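Undergrad: give the three-dimensional model of this entry:
(2 chains)
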Amino acid sequence: MEALIEEIKQNLIEALNLEDITPADIDTDAPLFGEGLGLDSIDALEIILILERNYGIKIENTAATRPVFKSVRSLAEYVAKNRK
Amino acid sequence: MPKRGNWDGKSRGGRTGYSIFVWLLRHCGLTPAYVLLLFVVPYFVIFAPKGTKASWDYNRHRRGLGFFRSIWEVLAHFHAFGKNIIDRLAINAGLGDRFEFIYDDREKASELARLKGAMLLSAHVGCWEIGGHFFQADDMTVNVVVFDNEHKDVKEVVDGVKSELPYKPINVLADPLQAMLDIRKALADGEFVCMNGERYIDENSSIGKEFMGAACKLPSGPYRIAIKCRVPVIFFYAVREKGRKYRLIIEEAPAESRKDVASLTDAFLASLTAVLAKYPRQWFNFYDYWK
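TA: So this is what the prediction gives:
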């Protein structure tokens, strides 16, 4: 799981052009949106694309998957369970 | 917390005003509505000072017109906007056959309609909603990203005359995350997603540019989405011409402009500038756009 968490952090840094941020700077349990990493809804689109392109996971409805976008840890847990 | 941008997602006009025009359209037709508009325009020029100031700034400073010419153009500007509102109400009420819809380049429009999954970017120039009637002719499935902050009472009146919408709305304020999923799915399914490229709501998601000789801000969202999803981008405008004609102007953003937000916004502003040079009275942003 730790390796996957690091990989997701790296993916986020590259895809979202988070300049001057290293994986170590990202708190695994901090909120991705608002406070914490401070991402916005269009960054959420980038996360959706990361899940799709890198792990073959397609999300079409947020009703059940909203908690997945809570933190890097919740993303990693979801990827571990659903990757193809 | 989003920082409020320069436009609040609400359009001008009260319930009573809209209701009178809807009644006239339903019972007397278009011409009496246009005649009433001649009396309404001076009222709004006097009693909507923010809108009047915005129109003055646009005509006097951005277009660089003389003092007296600017006074005339402010009146003409409000009149053009009033006609735009009447036309929208009329077309929504099923009076679309009273208008002529023409293409700037029919062949190009058909060619672009065959694209699978593309972003349609427009502006409050002319009547972008009328673009939906052109797109129906090419069997395009169009999703429109809306910011549903309209005054509730006005919305009830306008919705009351709406026939079947020629597009599928995606309400970004109601659930931003779901809106992103819907946009992604629509593009992946080969549908079109339409957004406005010139108004922003959240200051944190805006990008500073120069337009018509002054600094302004554009929403970064539509451009970021297009680039992230790697889809073609089409600029379109439905502008009004004399004789109840609407002309669809449509062009594809150059491929090289889709490499980053700065290049794509430059391409959009170049396209917008060209359209406004030809149809200057159809710039329908009656607020402090350049601030």
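Undergrad: find the closest residue to chain B in chain A.
TA: A:S41 (3.5 Å; CB to the nearest CB). C-beta here means a position set from N, CA and C on the backbone, and glycine is covered the same way.
Undergrad: nearest residue to that residue in space, please, no chain neighbours.
TA: Excluding the flanking residues, the one nearest A:S41 by CB to CB, 6 or more residues apart in numbering or on different chains is B:P176, at 3.5 Å.
Undergrad: next, count neighbours for the one you found.
TA: Residues near B:P176, counting by other CB atoms under 10 Å in any protein chain shown, number 20.
Undergrad: look up phi and psi at it.
TA: Per-residue torsions, B:P176: phi -60, psi -40 (degrees, to the nearest 10).
Undergrad: gap between it and A:K9?
TA: With the distance defined as CB to CB, to the nearest Å, B:P176 ends up 23 Å from A:K9.
Undergrad: just B:V22 next, same as before
TA: 55 Å.
Undergrad: now B:V45
TA: 56 Å.
Undergrad: of those two, who's got more company?
TA: A:K9 (23 against 19).
Undergrad: once you drop chain neighbours, what's closest to that one?
TA: In space, A:K9 is closest to A:P23, 3.9 Å off (CB to CB, 6+ apart).
Undergrad: just checking, that neighbour touches A:N11?
TA: No: A:P23 is beyond contact range of A:N11, at 9.9 Å (criterion: CB atoms under 8 Å).
Undergrad: write out the residues of chain B neighbouring chain A.
TA: B:1, B:172, B:175-181, B:183-185, B:202, B:204-205, B:220-221, B:224-225, B:228-229 (CB under 8 Å from any CB of the partner chain).
Undergrad: inside helices: which ones of these?
TA: Those of those mapping onto helices are B:176-181, B:183-185, B:221, B:224-225, B:228-229, per DSSP state H.
Undergrad: so which of these is the closest to A:L49?
TA: Closest approach to A:L49 among these (CB to CB): B:K228, at 6.2 Å.
Undergrad: check contacts around the closest one.
TA: A:42, A:45-46, A:49 (CB atoms under 8 Å, 6 or more residues apart in numbering or on different chains).
Undergrad: ok, back up a step: ok, the residue of chain A closest to chain B touching B:A179?
TA: Yes: at 7.0 Å, A:S41 and B:A179 qualify as touching, with contact defined as CB under 8 Å.
Undergrad: between the two, what contacts are shared?
TA: Joint contacts of A:S41 and B:A179 (CB under 8 Å, 6+ apart) are B:V172.
Undergrad: between the two, who's got more neighbours?
TA: Neighbour comparison, A:S41 and B:A179: the larger count goes to B:A179, with 22 against 19 (by other CB under 10 Å).
Undergrad: list the contacts for the more buried one?
TA: A:41, B:145, B:170-172.
Undergrad: ok, 7 Å please
TA: B:145, B:170-172 (CB atoms under 7 Å, 6 or more residues apart in numbering or on different chains).
Undergrad: how near is it to B:I249?
TA: In terms of CB to CB, B:A179 sits 27 Å off from B:I249.
Undergrad: likewise B:F81?
TA: For B:F81, the distance to B:I249 - CB to CB - is 19 Å.
Undergrad: only the buried residues of whichever strand or helix holds B:L25, if you could.
TA: Here B:L25, judged by DSSP states H and E, is contained in helix B:15-27. The neighbour-count check on helix B:15-27 (16 or more other CB atoms under 10 Å in any protein chain shown) flags B:17-18, B:21-22, B:24-25 as buried.
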